[in-house]
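Trainee: Fold the following, please.
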Amino acid sequence: MIEWGRKPRVRGRAETWPSGGGRVAAPPLPWPAMGAWPAHIGRALCDAVAIDFGPGRLVPWVPVAFGLGIAVYFTADHEPSAIAAVLLAAAGFIIAFVVRMRPIAFPAVVIGAAAATGFAVITLKTATIAHPVLERAVFGAAITGFVEMREERERSDRITVRIQKLDGIRNQPVPERVRVSVKRGRAPAVGSFVTFKARLTPPLAPLRPGGYDFARDMYFQRLGASGFITGAIKIETPPEPAGWRLRFVMARDAIRDGIDRRIRVAVPGDAGAIASALITGKRDAISSPVNEAMYVSSLAHVLSISGYHMALVAGVVFFAIRAVLALIPGMATRHPIKKWGAAGALIAAAAYLALSGAEVATQRAFIMTAIVLVGVMADRAALTLRTLSVAALAVLLVAPEAVVHPSFQMSFAATLALVAAYERAAPRIVASRDSAFHTRVALWGGHQVIALVFASLVAGLATTPYAAFHFHRLAPYGTVANLLAMPLVSVWVMPVGLLALLAMPFGFDAPLWRLMGAGIDGMTGVAQWVAALPGAVGRVPAFDVGALLVATAGLVVLSLLKSRLRWSGIALWGVAGLMAAMTVPPDALVSPAGDSVAVRAKDGKFTAVRFGSDTFALRDWLAADGDAREPNDVSLKSGFACDSEGCVAKFADGAAIAAARTAAALAEDCSRAVLIVTSRDAPPGCGAVVLDRGGLRAGGAAAVFRDGKTFRVERSYPAGFDRPWGRRISEAVPSTPSGSPAWQDATPRPEDLEAGD
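Mentor: Residues are numbered from 1 along each chain as shown. Have a look, this model is predicted:
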């Protein structure tokens with residue numbers, strides 16, 4: 001025990017703690033007498049701190065604090081100063097050095113310094129990649145530049161173009177890169193120097209206050225606008241050679257496209273598209289029904305190359321190399337073939353990373369796999385929380401903006417829960433290996449089944465808050481789907497796919513691709529069967545980010561603490577659930593252009609009207625409200641009465657809300673409605689609360705809360721908001737013409753937020 005009250009005289013922090021790496025258990029404390037409870041509680045807390053934050057226990061908290069600092073950055077209303085952020089981080093390091101011998105102050109300061117460093121890293125990243133962002137829609141822009149990325153989608157293709165020349169933009173910044181849609185099958189190859197005309201729109205702002213900010217994502221992808229091509233694409237001779245990075249991407253994409261073509265020829269349809277997704281990472285050609293079934297059944301993680309796939313590839317290569325070398329007489333006894341197998345697996349994992357496009361989940365998976373394999377080569381066990389900590393720090397240093405993306409959140413949440421559960425379950429598993437029951441279970445393959453069920457439950461529970469927050473739905477039968485489908489992927493689909501990849505240079509890959517496709521058909525069959533079960537889609541209304549942060553704190557406490565304090569994580573999850581349940585839904589939602597309006601009727605559901613062809617905003621609103629209806633459902637319009645000049649609906653209390661389309665309708669509605677939405681400028685002296693063109697374009701989408709006879713309006717961009725990817729402007733700007741497909745082509749799909757495991 002620590003001698004509390006006596007200042008230790010030490011040369012380093014480790015000597016101020018009990019021996020045993022911070023894993024010693026505090027001896028049982030006697031039941032305190034009356035009046036001694038404060039001292040008893042204080043002593044118990046001090047013992048818990050000694051266990052949870054002793055030597056060896058502080059490292060996993062560093063990436064947590066680092067990520068928290070990044071998250072705090074995204075809550076700022078205006079861009080922080082990079083100099084101030086760096087000075088704050090430097091001060092944290094200096095203070096940590098000064099208090100390095102203090103057993104309590106040192107860990108607290110280290111955590112604070114890590115948070116300040118995360119804040120500084122993302123601030124510097126934003127300053128480093130600073131680029132112009134389109135502010136207003138442009139029609140008929142003439143664009144010339146290099147194609148840097150090509151994506152195949154179900155109905156169209158998309159290309160990312162680094163602009164060399166852009167004509168047709170006046171009085172606003174010219175973006176460096178744009179992402180535009182093109183007719184399916186007509187996208188030029190990566191590296192092409194092209195000229196075309198396009199309609200461009202600014203990056204998509206949140207469709208409701210608190211909604212996902214696609215503009216922020218596009219900014220960190222260095223995209224300044226999106227849209228669609230309106231004419232022919234001309235491929236021309238480039239004025240200068242492509243850079244080495246573009247040449248690397250060209251070579252990688254040529255390999256990926258070649259593999260994709262071979263797979264799709266041998267296995268047409270969704271099976272071929274999924275096979276290509278597993279091998280090359282190109283998953284955009286999968287049809288919407290299959291995509292939906294994979295999400296509903298909680299099998300969507302299979303489509304995103306991440307930890308599971310990387311472990312399978314490395315494991316298969318490691319086993320194959322070691323098995324082949326073991327067949328050579330004397331090789332296993334004279335040489336470290338296990339280490340050679342690990343080295344070969346590391347090379348294969350690196351090749352898989354490069355081939356798949358190196359997304360965030362894949363980066364994390366590769367880093368963790370690499371650490372494990374290096375540990376094998378160094379005769380060290382590496383599947384620990386420290387491994388995950390190093391992987392998290394590496395990913396956040398390279399791509400700090402990933403901390404707000406669902407892929408990163410769900411990937412690390414699942415892995416953290418699995419590693420923590422493994423660390424606590426491993427001693428009990430080892431202790432039970434000598435029992436007769438254990439032997440019988442092992443002979444019947446029970447261990448594999450138990451491990452799969454356990455992993456599915458742990459990972460599913462850990463990712464539940466993030467799936468509910470970002471996608472507004474749960475997967476009640478996720479464990480069943482994973483239990484039935486994952487053995488197919490593990491022992492059939494991925495091993496056969498790797499064999500086909502090895503056989504492709506010799507021309508004998510087609511039968512193997514077809515065999516892989518048969519396994520994928522079995523997996524998709526499971527997904528579609530589970531998705532068709534009653535209650536397969538658990539819809540969850542949107543809730544505030546505060547509930548997600550509390551749930552994250554609960555997961556971290558449960559996973560990282562060793563003392564009894566860890567059970568407080570369950571209480572935090574309970575608090576998060578209450579916070580989510582107490583979220584007050586809006587009474588009305590208005591799109592940024594004012595062309596879509598939804599009002600909550602007496603039955604508690606939305607009734608909505610839209611004046612354009614775009615359904616993306618309405619689809620997002622229904623999902624966030626836990627409503628299973630589609631945007632084209634006729635029941636949505638039942639609460640609105642419309643004519644050529646506008647529409648009128650009623651709130652639950654009978655007060656009228658009007659969507660005015662003409663000046664005459666606007667003048668009439670000012671005397672009858674309590675709230676007016678219009679794409680025009682409101683006249684002075686209007687007796688209603690008005691959300692007009694200037695206000696909507698300045699603040700973005702609006703959520704209206706009605707309390708009695710008063711309104712509270714929340715905006716996507718609140719007053720004073722000024723970030724590089726979105727600014728609250730004061731002047732009115734032209735809106736996109738009604739019926740234009742620009743918004744539709746500019747918006748990402750839900751699959752763009754895919755999460756890996």
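
Trainee: Quick check, central residue of the chain?
Mentor: Geometric centre of the chain, nearest residue: Pro406, 1.9 Å, by Cα atoms, centre = their mean.

Trainee: ok, that one touching Ala468?
Mentor: No. Counting by Cβ atoms under 8 Å, Pro406 stays clear of Ala468, with 10.9 Å between them. No exception for glycine: its C-beta is placed from N, CA and C like everyone else's.

Trainee: So for the residue nearest to the centre of the chain, what's the pLDDT?
Mentor: What the model reports for Pro406 is a pLDDT of 88.

Trainee: how much space between it and Asp620?
Mentor: To Asp620, Pro406 is 14 Å away according to Cβ to Cβ, to the nearest Å.

Trainee: likewise Val540?
Mentor: Applying Cβ to Cβ to Val540 and Asp620 gives a distance of 14 Å.

Trainee: Next, Thr123: phi, psi?
Mentor: Note on Thr123: its backbone torsions stand at phi -60, psi -40 [degrees, to the nearest 10].

Trainee: Find the nearest non-adjacent residue to it, please.
Mentor: Spatial nearest neighbour of Thr123, excluding adjacent residues (Cβ to Cβ, 6 or more residues apart in numbering): Ala85 at 4.2 Å.

Trainee: Leaving out chain neighbours, which residue sits closest to Gln409?
Mentor: Per Cβ to Cβ, 6+ apart, closest to Gln409 is Tyr466, 4.8 Å.

Trainee: just checking, the one you found touches His405?
Mentor: No. If you go by Cβ under 8 Å, Tyr466 and His405 don't touch, sitting 10.3 Å apart.

Trainee: ok, Val540 and Asp620, which is more surrounded?
Mentor: A direct count of neighbours by other Cβ atoms under 10 Å for Val540 and Asp620 places Asp620 higher, at 24 against 18.

Trainee: my guess is that one meets Leu207, correct?
Mentor: Yes. Using Cβ under 8 Å, Asp620 is in contact with Leu207, at 4.6 Å.

Trainee: Need the residues touching each of the two.
Mentor: Listed as contacting both Asp620 and Leu207 by Cβ atoms under 8 Å, 6 or more residues apart in numbering is no residue at all.

Trainee: What score does Ser287 have for pLDDT?
Mentor: Confidence score, pLDDT, at Ser287: 84.

Trainee: Contact partners for Ala588?
Mentor: If you count contacts by Cβ under 8 Å, 6+ apart, Ala588 has them with Val597, Ala598, Val599, Arg600, Phe651, Ile657, Leu675, Ala703, Val704, Arg706.

Trainee: And what about Arg264, helix, strand or coil?
Mentor: The three-state assignment at Arg264 reads helix, by DSSP: H, G, I helix; E, B strand; the rest coil.

Trainee: Grab the nearest non-local neighbour of it.
Mentor: Nearest residue to Arg264, sequence neighbours excluded (Cβ to Cβ, 6+ apart): Gly272, at 4.5 Å.

Trainee: got a list of contacts for the helix or strand where that neighbour lies?
Mentor: Element membership of Gly272, judged by DSSP states H and E, is helix 269-280. Contact with helix 269-280 is made by 256, 259-260, 263-264, 266-267, 282-283, 285-287, 290, 302-303, 305, 309, 355-357, 493-494, 497, 501, 513, 516-518, 520-521, 523-524, as judged by Cβ under 8 Å, 6+ apart.

Trainee: Please spell out the PyMOL selection for the buried subset of those.
Mentor: This is how PyMOL selects the buried members of the contacts of helix 269-280, with burial counted by 16 or more other Cβ atoms under 10 Å:
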select buried, resi 256+259+260+263+264+266+267+282+283+285+286+290+302+303+305+309+355+356+357+493+494+497+501+513+516+517+520+521+523+524
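
Trainee: among the contacts of helix 269-280, which are in helices?
Mentor: 256, 259-260, 263-264, 266, 290, 309, 355-356, 494, 497, 501, 513, 516-518, 520-521, 523-524 (DSSP state H).

Trainee: re earlier: okay, now the residue lying closest to the residue nearest to the centre of the chain once chain neighbours are set aside: neighbour count?
Mentor: Nearest residue to Pro406 in three dimensions, chain neighbours excluded: His470, at 4.2 Å (Cβ to Cβ, 6+ apart). Using other Cβ under 10 Å, His470 is surrounded by 19 other residues.

Trainee: what do you get for Gly243?
Mentor: The local packing of Gly243 (other Cβ under 10 Å) involves 11 other residues.

Trainee: got it, and Met101?
Mentor: Burial measure for Met101: 16 neighbouring residues, criterion other Cβ under 10 Å.
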